[in-house]
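Visitor: Return atomic coordinates for the entry below.
(chains A and B)
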2 protein chains.
Amino acid sequence: MAESVYDDPFLKSLLMLIRAHDGSGAWETMPDEAILAPFIVTREQRREIPLIGDPDPDILWRVELYYAAIGLAIEQRSGHSAAPIMKIHHEGWGRMLLTAGRLVVVNSYLRDLHRFGFESVEAMSAKAAKIIDDAVAVIKRFPDVASAT
Amino acid sequence: MAESVYDDPFLKSLLMLIRAHDGSGAWETMPDEAILAPFIVTREQRREIPLIGDPDPDILWRVELYYAAIGLAIEQRSGHSAAPIMKIHHEGWGRMLLTAGRLVVVNSYLRDLHRFGFESVEAMSAKAAKIIDDAVAVIKRFPDVASAT
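Guide: Below is the predicted model:
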């Protein structure tokens, strides 16, 4: 069987988290691709989104889910749960941290969140993999800090 | 000369930060005690503040200033600057982190922020001193993490 991008544990977690918010039951049978469609914003689409006004609350919800799924993937890989804390200015920029014990495992500065999205599902998976790899590496480097309370 | 609680570097930083927000010039000549008065909430006053509705934005501003002054005191003592990130639910509970490099130096869970305040200036100074001491100790324990990027 050919490998599918949807075998990525990060994408599986993200789909699980999104479907967990399903109030209507409609997302249960919706294909994965349709569920992830709002995360895909091509370069051309991005250019058309103005950076004025406040970003849609749905976008901030997607940013939170994206990093929550990254946290779950870090936990699966390292055994350390990674708690998110996000501070976003209403104009669409801010900071996202994931911490394990006393260790900052992810430190992302976010901006232009009006345009939050990825070229493709593959690009989203690859970007998350890079963040997850870096986080797992920093936990390996400072394991006692990741366990410290 | 007798020691005054206002010799506390934390309180000096807090007063400096508050006065830095002074738009009218009125706080420049206002005595320290009057500037800090909104931070003092006695047990009796606390009981009278209902925990319904959203806390006043001025309270959240005071929480941010309180932890910003703690961050400055940590920097004075350890040489490591400590950046704050606060995430408060509008109903008045949340989390405040101060991070130095890859290290979480302060991790405070906040609740009932409607009632944020201290019995006295001395109590406020003592509580901050405890948080600062703990932060400086964790930096001494993991100096390489506090310097890691």
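Visitor: Tell me the predicted confidence for the residue positioned nearest the centre of chain A.
Guide: Centroid check for chain A by C-alpha atoms, centre = their mean gives A:Tyr66 as the closest residue, at 1.9 Å. Here, the pLDDT recorded for A:Tyr66 equals 97.
Visitor: How far off centre is the helix or strand where it lies?
Guide: Here A:Tyr66, judged by DSSP states H and E, is contained in helix A:57-78. Chain-centre distance of helix A:57-78: 4 Å, with C-alpha atoms, centre = their mean, to the nearest Å.
Visitor: who in chain A is up against chain B?
Guide: Within chain A, the positions near chain B by C-beta under 8 Å from any C-beta of the partner chain are A:85-87, A:95, A:97, A:99, A:101-104, A:107, A:138, A:141-142, A:144-145, A:148. Just so you know, the C-beta spots here come from the backbone N, C-alpha and C atoms, and that holds for glycine as well.
Visitor: Quick one: buried ones out of those residues?
Guide: Among those, those classed as buried by 16 or more other C-beta atoms under 10 Å in any protein chain shown are A:85-87, A:95, A:97, A:99, A:101-104, A:107, A:138, A:142, A:145, A:148.
Visitor: Closest one of these to B:Asp22?
Guide: A:Lys87 (25.0 Å; C-beta to C-beta).
Visitor: which element is that closest one on?
Guide: Element membership of A:Lys87, judged by DSSP H and E, is strand A:83-89.
Visitor: and that strand, which strands flank it?
Guide: strand A:93-100 (antiparallel) (DSSP bridges).
Visitor: helix or strand right after the strand it pairs with?
Guide: Following strand A:93-100 in sequence, per DSSP H and E, is strand A:103-110.
Visitor: How far away from the center of its chain is that following strand?
Guide: Put simply, strand A:103-110 sits 12 Å off its chain's centre (C-alpha atoms, centre = their mean).
Visitor: Tell me which residues touch A:Ala100, please.
Guide: Listed by C-beta atoms under 8 Å, 6 or more residues apart in numbering or on different chains, the contact set of A:Ala100 reads A:74, A:78, A:80-83, A:139, A:146.
Visitor: at 7 Å instead, please
Guide: A:80-82, A:139, A:146 (C-beta atoms under 7 Å, 6 or more residues apart in numbering or on different chains).
Visitor: And for A:Glu64?
Guide: So A:Glu64 contacts A:Met86 (C-beta under 7 Å, 6+ apart).
Visitor: and with 8 Å instead?
Guide: Neighbouring residues of A:Glu64 by C-beta under 8 Å, 6+ apart: A:84, A:86.
Visitor: check contacts around A:Arg43.
Guide: With C-beta under 8 Å, 6+ apart as the criterion, the residues that contact A:Arg43 are A:Glu119.
Visitor: Where does the closest residue to the residue nearest to the centre of chain A other than its chain neighbours sit: helix, strand or coil?
Guide: Once flanking residues are discounted, A:Tyr66 sits nearest to A:Leu14: 6.8 Å by C-beta to C-beta, 6 or more residues apart in numbering or on different chains. Taken by DSSP: H, G, I helix; E, B strand; the rest coil, the conformation at A:Leu14 corresponds to helix.
Visitor: Ok, the one 3 residues further on next?
Guide: Judged by three-state DSSP, the three-state class of A:Leu17 is helix.
Visitor: quick one: it from chain B, how far?
Guide: Counting by C-beta to the nearest C-beta, to the nearest Å, the separation of A:Leu17 from chain B is 18 Å.
Visitor: For that residue, list the residues it contacts.
Guide: A:65, A:68-69, A:72.
Visitor: Now with 10 Å, please.
Guide: Residues in contact with A:Leu17, defined by C-beta atoms under 10 Å, 6 or more residues apart in numbering or on different chains, are A:64-66, A:68-69, A:71-72.
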